[in-house]
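Asker: Need the 3D shape of this:
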Amino acid sequence: MRYKVLKYAISWATAQRKGYITLMANDSSGKPTKRFPLSPETSEEFICLVDILRNEKPVFWDDNSATLETDFEPTGEGER
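Answerer: Have a look, this model is predicted:
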């Protein structure tokens, strides 16, 4: 199932050198219902995921593929 991400929280555990991202998403009812904790394996992966969350809109979480994704955007279109 695919969920629209409504909110996110990020943290970085310096001692373990590991990031944590929690996504709050909604189902088709529009109510926030799901939390998806992510533990990226590398700092590069963490930076990439945080960049998507900060700069893209809307963002979705796909349960089936465990993927953070965006919708299609026109080529050359800047953020609004």
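Asker: Look up how far Asp62 lies from the closest residue to Lys34 other than its chain neighbours.
Answerer: Using C-beta to C-beta, 6 or more residues apart in numbering and skipping the chain neighbours, the partner closest in space to Lys34 is Ala25 (4.6 Å). The way it works is simple: take the backbone N, C-alpha and C, and place the C-beta from them, glycine included. Distance of Ala25 to Asp62, computed by C-beta to C-beta, to the nearest Å: 10 Å.
Asker: can you list residues touching both of these two?
Answerer: By the contact definition C-beta atoms under 8 Å, 6 or more residues apart in numbering, Ala25 and Asp62 are jointly contacted by Tyr3.
Asker: the more surrounded of these two?
Answerer: Taking neighbours as other C-beta atoms under 10 Å, Ala25 and Asp62 compare with Ala25 leading, 21 against 12.
Asker: Show the pLDDT at the more buried one.
Answerer: Note on Ala25: pLDDT of 87.
Asker: Buried ones in the longest strand belonging to the chain, by neighbour count?
Answerer: Using DSSP state E, we find that the single longest strand of the chain is strand 2-13. Buried residues in strand 2-13, defined by neighbour count with 16 or more other C-beta atoms under 10 Å: 3, 5-6, 8.
Asker: So, low pLDDT: which residues of this protein?
Answerer: Residue ranges of the chain with pLDDT under 70: 30, 32-33, 77-80.
Asker: try 80 this time
Answerer: 27-40, 76-80 (pLDDT under 80).
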